[in-house]
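Peer 1: Sequence below, structure please.
(one chain, ligands or ions: 2)
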Amino acid sequence: MRVCVIGTGYVGLVTGACLANIGHDVICIDNNEEKVKIMKSGQSPIFEPGLSDIMQSAIQSGKIEFSSDIAAGVAHGEILFIAVGTPPLPTGESDTRYVEAVARSIGANLSGGYKVIVNKSTVPIGSGDWVRMIVLDGIAERQKQLVTAGSAPAARLPESPEFDVVSNPEFLREGSAVFDTFNPDRIVLGGNSKKAIAMMQELYAPIVERNFAENKSLPNVPVLATDLSSAEMIKYAANAFLATKISFINEVANICDRVGADVTQVAKGIGLDSRIGSKFLNAGIGWGGSCFPKDVSALVHTADDYGYEAHLLKAAISVNERQRLIALEKLQQALKILKGKTIGLLGLTFKPDTDDLRDAPALILIEQLNRLGAKVKAYDPIISQTGMRHGLSGVLVETDAERLADGCDALVLVTEWEQFTKLDYAKMAKFMSHPVIIDGRNFLNPEVMQKAGFQYIGVGR
Ligand code: NAD
Ligand code: UDX
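Peer 2: Ligands and ions are numbered 1, 2, ... in the order given. Okay, here's the model as predicted:
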């Protein structure tokens with residue numbers, strides 16, 4: 001099928017490259033010319049495992065193109081994905097201006113028969129109908145321009161553009177986005193047009209039938225076809241549930257710290273109950289990233305708009321905000337005065353295997369440590385290579401973990417990068433006067449760390 005993906009960030013680029021790899025003809029559109037140039041050269045502008053490989057194989061098979069020309073993309077695609085960002089506004093609402101701009105330009109450029117316009121971006125509930133309205137506005141504006149320009153009636157009124165809007169929320173995780181796209185737990189399709197839903201089912205058939213899955217013997221991927229609002233709500237509810245689950249275990253961890261229990265054992269013990277499940281029960285310094293914080297806040301805001309106070313979701317957010325300061329409290333307990341001390345952060349990104357710093361807990365830690373007069377250094381396997389690009393401030397980014405340890409009063413493990421289990425901690429401890437490590441992800445083995453000469457402090461263990 002002919003597909004156009006507008007917005008080539010973590011979601012759009014992965015979606016476009018995966019759809020091209022399963023045989024569709026894809027054009028990826030981005031208004032950032034620099035990104036388009038990088039993608040055309042077969043490189044990924046973001047760090048995402050496996051993404052460059054599938055981009056290159058799609059380029060070689062002629063299944064993918066990159067462009068900033070939205071008109072060409074709209075003309076090409078029978079399915080048009082909107083995958084631009086919906087960042088948070090200071091109020092907690094979702095900023096839908098990029099979705100609006102794209103929907104308007106889709107309308108202004110709509111031609112060439114029936115189209116399915118897909119909301120892949122996470123958008124507030126009700127956005128499906130709103131996008132339809134904006135596309136119609138875009139069409140009307142174009143007609144007006146043509147009339148003003150005095151074009152012939154035939155040019156003014158081409159075949160009446162027909163389209164439907166479908167909500168197709170995305171559940172991929174950064175760091176495993178390619179895997180998640182080929183191996184989804186489910187596909188959600190919201191809309192009231194049978195034709196549009198059938199086209200989406202055809203689009204995803206190779207993934208649903210597990211032709212590209214790691215485990216091809218699994219039953220087909222469940223496809224939930226539902227109404228627009230429910231599909232939009234499913235996305236928010238899924239993220240809010242997972243974030244709440246983490247806040248729950250973080251609260252339990254804080255109680256464990258006080259009563260002398262080990263939260264890693266507690267998580268194991270409760271996770272064995274199949275009704276609870278073992279995933280997303282890793283206690284630590286809280287959830288971050290480009291999705292959980294903004295999506296939970298946006299859902300609280302939507303509830304507020306409809307006169308409902310979302311107590312549980314607000315509590316999940318407030319537990320998370322406090323949790324992000326846990327490392328700071330533990331540093332104060334271990335070192336007392338932080339003014340003049342040097343703190344080394346192991347990891348900066350909000351999770352491993354990504355270069356994404358959006359709403360990363362490390363950023364709050366840096367800000368607070370600076371406020372208390374501490375000097376902050378950091379080593380991150382990806383950011384140490386690409387640091388300048390991210391405009392980080394208040395932190396000296398070191399090129400390796402041993403240089404990081406040199407002269408530090410304490411280390412804080414912020415991100416559980418696999419390579420942090422293999423560092424020479426005994427050597428690192430020798431560079432520090434009183435080696436302390438706060439393990440913000442309960443990632444390291446306390447006994448091993450103690451043997452290496454560290455005072456080990458975890459979260460709830
Ligand atoms: P991103 O910021 O990484 O990428 C957005 C891209 O859209 C950028 O490359 C930007 O240049 C481009 N863009 C903006 N305006 C444009 C326009 N008018 N025309 C063409 N391109 C334009 O965003 P992301 O992280 O991929 O997220 C996209 C959406 O998917 C958001 O709504 C997000 O909530 C949702 N989502 C993200 C994830 C994730 O893990 N990042 C997971 C699920 C859902
Ligand atoms: C999340 C959702 O998982 C995904 O389905 C959605 O599409 C986008 O948002 P992502 O933000 O990429 O994905 O990462 P995720 O693995 O969910 O982690 C989010 C945050 O929660 C990270 O800061 C992570 O460190 C934290 N986390 C996760 C915990 O603190 N404990 C856990 O047990 C799991």
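
Peer 1: rest of the way, CA atoms for contacts and neighbours
Peer 2: Fine.

Peer 1: What helix or strand is residue 27 located in?
Peer 2: With elements taken from DSSP states H and E, the one containing residue 27 is strand 25-29.

Peer 1: no wait, residue 393
Peer 2: Of the helices and strands defined by DSSP H and E, none includes residue 393.

Peer 1: Who are the contact partners of residue 398?
Peer 2: Neighbouring residues of residue 398 by Cα atoms under 8 Å, 6 or more residues apart in numbering: 377-379, 384, 404.

Peer 1: Cross these against strands and list the overlap.
Peer 2: With strands identified by DSSP state E, the entries of the contacts of residue 398 that belong to them are 377-379.

Peer 1: hang on, the earlier thing: top of the contacts of residue 398 by number of neighbours, please.
Peer 2: Among those, residue 378 has the most neighbours (other Cα atoms under 10 Å), with 28 neighbours.

Peer 1: Would you list the phi and psi of the closest residue in space to it that isn't next to it in sequence?
Peer 2: Nearest non-adjacent residue to residue 378, counting by Cα to Cα, 6 or more residues apart in numbering: residue 345, 4.4 Å away. Main-chain torsions, residue 345, degrees, to the nearest 10: phi -100, psi 130.

Peer 1: measure the closest residue to residue 410 other than its chain neighbours to residue 73 for me?
Peer 2: Using Cα to Cα, 6+ apart and skipping the chain neighbours, the partner closest in space to residue 410 is residue 436 (4.7 Å). Distance, residue 436 to residue 73, by Cα to Cα, to the nearest Å: 55 Å.

Peer 1: ok so, going back, helices and strands around the strand holding residue 27, which ones?
Peer 2: Strand 25-29 sits against strand 2-6, helix 10-21, strand 64-67, helix 70-76, with contacts defined as 3 or more Cα pairs under 8 Å, 6 or more residues apart in numbering; DSSP states H and E.

Peer 1: Check whether the second one comes into contact with ligand 1.
Peer 2: Translated: helix 10-21. Yes. Against ligand 1, helix 10-21 shows contacts by Cα under 6 Å from any ligand atom at 10-12.

Peer 1: so how far is that helix from its chain's centroid?
Peer 2: 14 Å (Cα atoms, centre = their mean, to the nearest Å).

Peer 1: does that helix come close to ligand 2?
Peer 2: No. Using Cα under 6 Å from any ligand atom, helix 10-21 stays clear of ligand 2, with a minimum separation of 8.7 Å.

Peer 1: Need the contact partners of that helix.
Peer 2: 4-8, 25-28, 46, 48, 51, 54-55, 57-58, 63-64, 81-84, 170, 172, 174, 177-178, 181-182.

Peer 1: could you flag which of the residues you listed are buried?
Peer 2: Buried by 16 or more other Cα atoms under 10 Å: 4-8, 25-28, 46, 48, 51, 54-55, 57-58, 63-64, 81-84, 170, 172, 174, 177-178, 181-182, out of the contacts of helix 10-21.

Peer 1: just checking: which of the contacts of residue 398 also lie near ligand 1?
Peer 2: Counting by Cα under 6 Å from any ligand atom, no member of those reaches ligand 1.

Peer 1: Mind splitting this structure into its structural domains?
Peer 2: Per automatic domain parsing, the domain ranges recorded for the chain read 2-226, 235-322, 324-457.

Peer 1: Between its first and last residues, what's the separation in the shortest one?
Peer 2: End-to-end distance of domain 235-322: 25 Å, with Cα to Cα as the criterion.

Peer 1: Burial check on the nearest residue to residue 203 once chain neighbours are set aside, number of neighbours?
Peer 2: Among residues not flanking residue 203 along the chain, residue 1 sits closest, at 6.8 Å (Cα to Cα, 6+ apart). Here the number of neighbours of residue 1 (other Cα under 10 Å) works out to 14.

Peer 1: how close does residue 1 sit to ligand 1?
Peer 2: Per Cα to the nearest ligand atom, to the nearest Å, residue 1 is found 21 Å from ligand 1.

Peer 1: That residue and residue 307, how far apart?
Peer 2: 43 Å.

Peer 1: cool, residue 452 as well?
Peer 2: 55 Å.

Peer 1: re earlier: please give me every residue in contact with the residue nearest to residue 203.
Peer 2: Residue 1 is in contact with 23-25, 78-79, 203, counting by Cα under 8 Å, 6+ apart.

Peer 1: just the strands in the stretch 101-250 of the chain please.
Peer 2: 115-119, 163-167, 187-190, 223-226 (DSSP state E, counting those that start in this stretch).

Peer 1: can you put those in a markdown table and add mean neighbour count and mean pLDDT?
Peer 2: Output for these, formatted as a markdown table (neighbours: other Cα atoms under 10 Å; pLDDT from 0 to 100):
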| stretch | mean neighbour count | mean pLDDT |
| --- | --- | --- |
| strand 115-119 | 25 | 98 |
| strand 163-167 | 26 | 98 |
| strand 187-190 | 23 | 98 |
| strand 223-226 | 16 | 98 |
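
Peer 1: Ok, which of those strands comes nearest ligand 1?
Peer 2: strand 115-119 (8.8 Å; Cα to the nearest ligand atom).

Peer 1: Give me the residues contacting that closest one.
Peer 2: Outside of strand 115-119, the residues within contact range by Cα under 8 Å, 6+ apart are 77-83, 128, 162-169, 196.

Peer 1: what about it, near ligand 1?
Peer 2: No. Counting by Cα under 6 Å from any ligand atom, ligand 1 has no neighbours in strand 115-119; the shortest distance is 8.8 Å.

Peer 1: Direction included, what does that strand pair against?
Peer 2: According to DSSP bridges, strand 115-119 has the following sheet partners: strand 79-82 (parallel), strand 163-167 (parallel).

Peer 1: elements contacting the helix or strand harbouring residue 329?
Peer 2: Residue 329 is located in helix 326-335, with elements delineated by DSSP H and E. Contacts defined by 3+ Cα pairs under 8 Å, 6+ apart place helix 326-335 against helix 361-371, strand 436-439.

Peer 1: buried sites along the longest one?
Peer 2: Put plainly, it is helix 361-371. For helix 361-371, by 16+ other Cα under 10 Å, it's 361-363, 365-366, 369-370.

Peer 1: and the residue nearest to residue 182 when sequence neighbours are not counted, what does it touch?
Peer 2: Nearest residue to residue 182 in three dimensions, chain neighbours excluded: residue 213, at 5.5 Å (Cα to Cα, 6+ apart). Going by Cα under 8 Å, 6+ apart, residue 213 touches 182-183, 207.

Peer 1: What of residue 344?
Peer 2: Residue 344 neighbours (Cα under 8 Å, 6+ apart): 376-379, 404-405, 408-412.

Peer 1: Need the mean per-residue confidence for the helix or strand containing it.
Peer 2: Here residue 344, judged by DSSP H and E, is contained in strand 342-346. Strand 342-346 shows a mean pLDDT of 98 in the predicted model.

Peer 1: in its sheet, what does that strand sit against?
Peer 2: strand 375-379 (parallel), strand 410-413 (parallel).
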